[in-house]
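> A structural model of the following input is requested.
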Amino acid sequence: MTATLRVPRSRGALSGTLLVLLGLWGGLIPFIGPYADFAYTPDHAWVSTSGRLLLEVLPAVATVLGGLILLSSANRAIAMLGAWLAALGGAWFVVGTAVSTLWTSRHTPAAGSPVGSIGRQVAEQLAFFSGLGVAVLFFAALALGRLAVVGVRDAALSEPYVQEYDPAPGHEGERYSTDSEGAGPAAPPLTPAPGTGRYARPSGPETTPFPARPQYETQPGYDTSSGPADAPPPLPRRKRKQQDVAEPTDQKVAGHRTGE
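Numbers count the residues shown, from 1 in each chain. The predicted model follows:
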């Protein structure tokens with residue numbers, strides 16, 4: 001269970017980067033937008049109000065913090081916590097303007113009113129709140145979906161390792177030391193478990209070695225014709241007999257003619 005919590009940092013790199021950029025946009029646009037007449041009232045640069053702090057700066061900080069956690073964490077649970085934090089920031093971008101009417105005196109949005117023409121007001125609404133929040137929610141949900149799946153690469157990171165080491169009798173309780181100047185023996189190198197490595201060979205029956213030559217055959221001065229008493233008798237040599245020699249072909253030819 002603990003091993004599957006490990007996750008590569010690249011798993012949430014793209015989503016984390018985009019969440020950080022979106023959070024910076026949401027936190028800075030209310031202060032620098034008035035330079036381009038793209039703002040909510042009061043349309044003055046670097047003017048701070050309670051509505052801007054609660055509805056824009058606060059969710060922007062949550063989004064940036066969640067994106068940074070996604071970028072830096074190699075733990076699945078912590079990375080998912082960062083994604084949930086960014087998702088909450090995105091949700092507050094979407095619903096915060098409507099919820100703020102509950103605590104204002106005139107029941108108007110605490111963020112103010114968009115300035116400019118109708119088309120610019122729609123663009124400001126999307127860029128400051130609703131559209132920005134939907135984009136943050138999308139990338140946060142994308143990161144959550146990627147973190148919820150245990151892939152092959154994640155399983156490889158959690159692959160168990162064993163130590164192939166058999167201590168000598170009487171030294172079972174000694175402590176291993178990786179330092180050459182330590183008191184205990186050096187720890188053996190870690191090797192993958194059998195059958196789990198990249199170049200693992202299938203297990204099978206061991207090859208039976210060839211039988212060793214008898215000891216009397218390796219002694220100097222050994223005579224293969226006689227040998228020691230416990231040695232098997234040498235094989236008799238086949239003598240070539242005279243009758244085994246083929247007769248001249250003339251006799252066979254003569255006999256053949258006689259038969260005719």
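> If you tally nearby residues, what's the number for residue 31?
As a burial measure, residue 31 scores 17 neighbours (other Cβ atoms under 10 Å). (C-beta placed from N, C-alpha, C; glycine too.)
> swap that for residue 50, please
Neighbour tally, residue 50, other Cβ under 10 Å: 12.
> Which of the helices or strands spans the closest residue in space to it that isn't next to it in sequence?
Counting by Cβ to Cβ, 6 or more residues apart in numbering, residue 50 lies nearest to residue 110, which is 6.6 Å off, once chain neighbours are set aside. Here residue 110, judged by DSSP states H and E, is contained in no helix and no strand.
> Need the single longest helix in the chain, by residues.
In the chain, with assignment by DSSP state H, the single longest helix is helix 76-99.
> what packs against it?
If you count contacts as 3 or more Cβ pairs under 8 Å, 6 or more residues apart in numbering; DSSP states H and E, helix 76-99 packs onto helix 13-32, helix 58-72, helix 130-147.
> Apply 6 Å and report the result again.
Where contact means 3 or more Cβ pairs under 6 Å, 6 or more residues apart in numbering; DSSP states H and E, helix 76-99 is packed against helix 58-72, helix 130-147.
> Single out the most deeply packed of those helices.
Among the helices and strands packed on helix 76-99, helix 58-72 has the highest mean neighbour count (mean count of other Cβ atoms under 10 Å), at a mean of 23.
> so what's residue 140 up against?
83, 86, 87 (Cβ atoms under 6 Å, 6 or more residues apart in numbering).
> Quick check: the last one vs residue 17, distance?
Pointing back at residue 87 there. From residue 87 across to residue 17, the span is 16 Å (Cβ to Cβ, to the nearest Å).
> between the two, who's got more neighbours?
Set residue 87 next to residue 17 and count neighbours by other Cβ under 10 Å: residue 87 wins out with 23 against 15.
> so how far is residue 104 from residue 110?
Counting by Cβ to Cβ, the gap from residue 110 to residue 104 is 5 Å.
> Residue 138 now?
With Cβ to Cβ as the criterion, residue 138 and residue 104 are 30 Å apart.
> Over to residue 127?
Distance, residue 127 to residue 104, using Cβ to Cβ: 22 Å.
> Check residue 94 too.
18 Å.
> Neighbour count: these two, which is higher?
Of the pair residue 94 and residue 104, residue 94 is the one with more neighbours under other Cβ under 10 Å, namely 18 against 12.
> so the more buried one touches residue 133, yeah?
Yes - taking Cβ atoms under 6 Å as the definition, residue 94 is a contact partner of residue 133 at 3.6 Å.
> shaky segments in the stretch 1-150 of the chain?
1-3 (pLDDT under 70).
> For residue 147, which non-adjacent residue is closest in space?
Nearest to residue 147 is residue 80, by Cβ to Cβ, 6+ apart, at 5.1 Å.
> count of neighbours near the one you found?
19.
> quick revisit: so how far is residue 148 from the residue nearest to residue 50?
Using Cβ to Cβ, residue 110 is found at 36 Å from residue 148.
> Likewise for residue 66?
Using Cβ to Cβ, one gets 16 Å for the distance from residue 66 to residue 148.
> for residue 19, what are its contacts?
By Cβ under 6 Å, 6+ apart, the contact set of residue 19 is 63, 67, 86, 139.
> Name the nearest residue to it, ignoring sequence neighbours.
Per Cβ to Cβ, 6+ apart, closest to residue 19 is residue 67, 3.2 Å.
> cool, residue 48 as well?
residue 31 (7.8 Å).
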